[in-house]
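> next one to model:
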Amino acid sequence: MSAIQSDYRTFKHIPSRKCYQLIMEIPEEEFANVCQVLGYPRTGENTYVGIALLGNSIVTKPEINCDKSEGEKLRTRAIMLCKDENFQLFVSHAISTKELTIDASLMNSIAYLKHWCGIQSRSELTTNINAQNKFKELLEQYKSWQYENLYAENLNRG
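As a prediction, this is how the structure comes out:
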């Protein structure tokens with residue numbers, strides 16, 4: 001087993017491969033030794049290495065702007081959706097078909113979304129898989145409603 005000392009400089013997110021690259025720096029004069037230990041990277045072949053903190057280095061937790069999880073994206077989408085006037089109309093229509101008549105509003109759209117998904121707060125969408133699936137189902141119904149009620153007239157013009 002061989003050890004190579006380097007300076008950790010930064011990282012790079014590779015979304016297409018769902019991974020991060022760690023960027024390490026070594027002095028030029030050490031490069032030949034590194035290649036002797038690790039070899040050269042080859043497409044389709046993996047070289048597994050370990051990483052260890054050397055010396056008395058202090059590790060701090062930097063602020064990292066990582067990509068949002070799917071649940072966080074759905075929570076954000078739910079917040080924005082409830083503010084959408086067309087979604088509020090959809091909710092009003094859905095409620096009126098159940099023989100309840102209330103005006104379309106932000107509060108009604110929030111209450112309807114929470115009831116539909118079986119949650120107390122839209123923040124539950126970040127971790128509750130069942131609620132995420134129900135929300136996706138609601139989005140599909142909303143898309144269908146939009147097509148039938150908002151876009152059909154434009155599509156039938158010809």
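> how about the nearest residue to residue 142, chain neighbours excluded?
Distance criterion CB to CB, 6 or more residues apart in numbering; nearest residue to residue 142, sequence neighbours excluded, is residue 90 at 5.3 Å. Bear in mind the C-beta positions are built from the backbone N, C-alpha and C, glycine included.
> would you tell me which helix is longest in this protein?
For the chain, the helix with the greatest residue count under DSSP state H is helix 129-146.
> could you give the angle of the host helix or strand of the residue nearest to residue 142 to helix 129-146?
Following DSSP states H and E, the helix or strand that holds residue 90 is helix 85-96. Counting by axes from the mean of the first three to the mean of the last three CA atoms, to 10 degrees, helix 85-96 lies at 100 degrees to helix 129-146.
> first vs last residue of stretch 9-22, how far apart are they?
One end of stretch 9-22 to the other measures 8 Å (CA to CA, to the nearest Å).
> tell me the mean pLDDT for it?
Averaging pLDDT along stretch 9-22 gives 79.
> could you find the closest non-adjacent residue to residue 130?
residue 118 (7.0 Å).
> what's the answer for residue 84, then?
Going by CB to CB, 6+ apart, residue 84 has residue 109 as its nearest residue, at 8.0 Å.
> same thing with residue 71?
Leaving aside its sequence neighbours, residue 71 sits nearest to residue 126 (CB to CB, 6+ apart; 3.9 Å).
> what comes up buried for stretch 79-87?
The neighbour-count check on stretch 79-87 (16 or more other CB atoms under 10 Å) flags 81, 82, 87 as buried.
> can you pull the contacts of the last one?
Think residue 87. Neighbouring residues of residue 87 by CB atoms under 8 Å, 6 or more residues apart in numbering: 81, 109, 142.
> apply 6 Å and report the result again.
By CB atoms under 6 Å, 6 or more residues apart in numbering, the contact list for residue 87 reads 81, 109.
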